[in-house]
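Chemist: Generate coordinates for the sequence data below:
(one chain, ligands or ions: 1)
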Amino acid sequence: MSLAVAEAAYACRATAERPAAPTPRQKRLLRNKRQHSRELEQRRKEQRLPQKQEQQQEPPSPPPPAGYGGPELQCPHFASCSGCTVDTGLDAPPLLHEARAFFERDCGLPAFTLHVGNIHGWRQRARLAVRRGTEGQTVIGLFEERTHMATAIPSCVVHHPAINEAAALLQQAVEACGVEPYDEGQRTGQLRYVQLTAVQQRDSGGAALAPAVQLVLVSSSSRLASLADQLWRVGQRRPDGTPLLHSLWANFQPERSNKILGPEWRLLHGPDLAWARLGGADIAFGPGSFMQANREAMDCCLAVMQQYVAPGSTIADLHAGVGTIGLSLAATCRPRWVRFVEINGHGLPPFRQSGARLRLRLLERGEAPQLDYHVAAAGSDPGRWCHGAEVVVCDPPRKGLEAALLGWLCSPAAAAAGVRSLLYLSCGFPALQHDAAQLLGSGRWRLRHARGFAFFPGASHVETLAVFDVVQQG
Ligand SMILES: C[S@@+](CC[C@H](N)C(=O)[O-])C[C@H]1O[C@@H](n2cnc3c(N)ncnc32)[C@H](O)[C@@H]1O
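Modeler: Numbering: from 1, shown residues only. You can find the predicted model right below:
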């Protein structure tokens with residue numbers, strides 16, 4: 001949709017359906033759209049002026065986004081749902097301009113590119129609110145911005161289709177069983193949220209089947225037995241004979257807070273762990289495990305990481321979660337050992353399963369890397385966690401590296417401990433800018449490579465992999 005059409009659509013809606021002023025979300029989307037279009041236009045101009053670029057000795061940039069505005073989201077819920085904020089130019093979200101400026105202009109890299117995979121159906125995990133709609137119906141969807149009013153998104157185009165299918169089944173079952181959606185004002189109702197995760201399925205011969213869904217019912221009470229039984233019965237068979245539900249869990253969240261998941265879990269039906277093939281390794285995960293929602297993009301990112309790990313390396317994976325990155329490197333790069341460090345103990349049980357499966361596979365190839373998992377903060381003792389590791393992998397939360405870890409990496413101790421390179425995967429660009437500036441400013445690291453991955457097409461988000469090498473001191 002062009003800017004003019006989008007503006008006309010908003011204007012039209014404002015006069016025909018909503019005489020009231022545009023909502024804060026609509027104003028923000030329009031502002032985003034204007035800024036995004038200006039940046040795209042600027043970029044197109046730069047591309048049309050190669051002469052000027054050469055005169056100014058600016059680094060070359062990759063080709064401009066295809067067509068004005070690039071690929072479009074084309075989601076029927078875009079204007080009302082708070083999930084996505086960018087619906088055109090998905091191959092050049094606003095944050096990409098900042099990332100390019102930082103890596104190309106400030107760090108001197110010749111080009112910073114963004115990998116964009118599927119823009120539709122990529123989201124393999126969704127957390128949705130369950131609330132009563134204004135017309136008394138059950139709504140399963142996302143909150144409108146700055147409210148606790150849920151908007152139904154049954155045709156969301158970024159959800160994996162199995163998620164939409166399971167959400168539709170859930171809505172029917174909730175109504176059939178008379179389950180009361182949660183009401184935060186009254187603190188009544190049984191079902192607060194659901195988490196839906198698409199799980200790869202295979203038949204006994206290993207052929208891929210339609211993905212099924214690991215479904216979590218988040219409630220403040222335990223009175224969901226009849227809903228669970230009904231869901232499990234109906235969810236066992238799609239019209240094509242494959243199961244729609246992989247497993248069914250209850251999670252209890254008694255607190256009055258915005259935190260979706262509570263501390264207590266109960267498996268109601270099906271297997272406790274689900275498996276995904278990522279970066280050449282089979283990764284087990286439970287419903288409470290961290291996992292990237294966009295597995296295809298993570299798979300590409302892992303393939304790039306593998307190019308920066310030499311055979312026979314020693315690796316410390318410092319924000320390991322269930323071990324996805326380290327296990328992928330163990331499966332593909334023949335390391336001598338991988339040390340996993342993770343602050344949250346919930347990653348350990350799935351890791352044990354994935355590690356055991358990988359060990360068996362590697363033994364058949366005559367490889368036996370040591371795989372050790374430690375539940376600890378990476379910054380608690382960086383010297384210990386990184387000791388002897390030639391490659392350090394960091395994949396911290398949005399706030400970036402802990403001060404103690406960053407300080408250690410910027411000190412002579414890192415090279416003295418044997419560290420040679422750092423693979424830093426970042427989900428928070430401002431934090432990465434800060435941490436990269438500290439690393440480069442210390443004079444002990446040089447930036448070898450950086451690349452972006454669109455982990456959340458539809459959002460102004462760039463997941464960044466930055467590869468640093470230790471500068472050998474003379
Ligand atoms: C973005 S996730 C990445 C997980 C994993 N690398 C993956 O790809 O699935 C960040 C992880 O860092 C963990 N974490 C957060 N703070 C940490 C810390 N100070 N030390 C170690 N791990 C931490 C979180 O619990 C979470 O599992």
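Chemist: In the stretch 1-150 of the chain, what residue lies closest to the ligand?
Modeler: Closest approach of the stretch 1-150 of the chain to the ligand (CB to the nearest ligand atom) occurs at residue 125, with a separation of 11.6 Å. All C-beta atoms are positioned from the backbone trio N, CA, C, and that covers glycine.
Chemist: If you tally nearby residues, what's the number for that residue?
Modeler: By the criterion of other CB atoms under 10 Å, residue 125 has 22 neighbours.
Chemist: repeat for residue 412
Modeler: Residue 412: 10 neighbours (other CB under 10 Å).
Chemist: Residue 257 too?
Modeler: Other residues within reach of residue 257, judged by other CB under 10 Å, total 8.
Chemist: same deal with residue 303?
Modeler: A count of nearby residues for residue 303, using other CB under 10 Å, gives 14.
Chemist: One more: residue 98?
Modeler: When counting by other CB under 10 Å, one arrives at 16 neighbours for residue 98.
Chemist: how about the closest residue to it other than its chain neighbours, phi and psi?
Modeler: In space, residue 98 comes closest to residue 429 once its chain neighbours are excluded; the distance is 6.7 Å by CB to CB, 6 or more residues apart in numbering. Backbone geometry at residue 429, expressed as degrees, to the nearest 10, gives phi -60, psi -40.
Chemist: my guess is residue 429 meets residue 464, correct?
Modeler: Yes: distance between residue 429 and residue 464: 6.4 Å, which falls inside the contact criterion (CB atoms under 8 Å).
Chemist: okay, and the common contacts of the two?
Modeler: residue 99 (CB atoms under 8 Å, 6 or more residues apart in numbering).
Chemist: I'd like the next helix or strand past the stretch of helix or strand residue 315 belongs to.
Modeler: When elements are assigned from DSSP states H and E, residue 315 belongs to strand 314-317. Remark: after strand 314-317, the chain's next helix or strand is helix 324-332, criterion DSSP H and E.
Chemist: Can you list the buried residues in that next one?
Modeler: Of all the residues in helix 324-332, those buried under the rule 16 or more other CB atoms under 10 Å are 324, 325, 326, 327, 328, 329, 330, 331, 332.
Chemist: packing partners for it?
Modeler: Using 3 or more CB pairs under 8 Å, 6 or more residues apart in numbering; DSSP states H and E as the contact criterion, the secondary-structure elements in contact with helix 324-332 are strand 281-285, helix 295-306, strand 314-317, strand 337-342, helix 348-364, strand 370-375, strand 391-394.
Chemist: and the residue of the chain found nearest the ligand, what is it in contact with?
Modeler: For the chain, the residue closest to the ligand is residue 321, as judged by CB to the nearest ligand atom, at 2.8 Å. Residues in contact with residue 321, defined by CB under 8 Å, 6+ apart, are 289, 290, 291, 342, 344, 347, 395.
Chemist: swap the cut-off to 6 Å and go again
Modeler: Counting by CB atoms under 6 Å, 6 or more residues apart in numbering, residue 321 makes contact with 290, 347.
Chemist: hmm, back to that, any idea how far the residue nearest to residue 98 lies from residue 371?
Modeler: When distance is defined by CB to CB, to the nearest Å, residue 429 is 31 Å away from residue 371.
Chemist: Same question for residue 162.
Modeler: Where residue 371 is concerned, residue 162 sits at a distance of 31 Å (CB to CB).
Chemist: cool, residue 179 as well?
Modeler: Distance of residue 179 to residue 371, computed by CB to CB: 43 Å.
Chemist: what about these two, which has more around it?
Modeler: Under the criterion of other CB under 10 Å, the comparison of residue 179 against residue 371 puts residue 371 first, with 24 against 21.
Chemist: same for the host helix or strand of residue 414, what does it pack against?
Modeler: Under the criterion of DSSP H and E, residue 414 resides in helix 412-416. Helix 412-416 makes packing contacts with no helix or strand when contacts are defined by 3 or more CB pairs under 6 Å, 6 or more residues apart in numbering; DSSP states H and E.
Chemist: who touches it?
Modeler: Here helix 412-416 makes contact (CB under 6 Å, 6+ apart) with 383, 470.
Chemist: hmm, back to that, isn't the residue of the stretch 1-150 of the chain closest to the ligand up against residue 293?
Modeler: Yes: at 4.6 Å, residue 125 and residue 293 qualify as touching, with contact defined as CB atoms under 6 Å.
Chemist: What residues does the chain have near the ligand?
Modeler: Neighbours of the ligand within the chain, by CB under 6 Å from any ligand atom: 290-292, 318-322, 324-325, 341-344, 377-379, 395-397, 402, 427.
Chemist: if you set the cut-off to 5 Å instead, what comes out?
Modeler: Taking CB under 5 Å from any ligand atom as the measure of proximity, the chain contacts the ligand at 290, 319, 321, 324, 325, 342, 343, 344, 377, 378, 395, 397.
Chemist: Just the buried ones from those residues?
Modeler: Buried members of those, scored by 16+ other CB under 10 Å, are 290, 319, 321, 324, 325, 342, 343, 377, 378, 395.
Chemist: Which members of those define the maximum pairwise distance?
Modeler: Comparing every pair within those by CB to CB identifies 324 and 377 as the most remote, at 19.0 Å.
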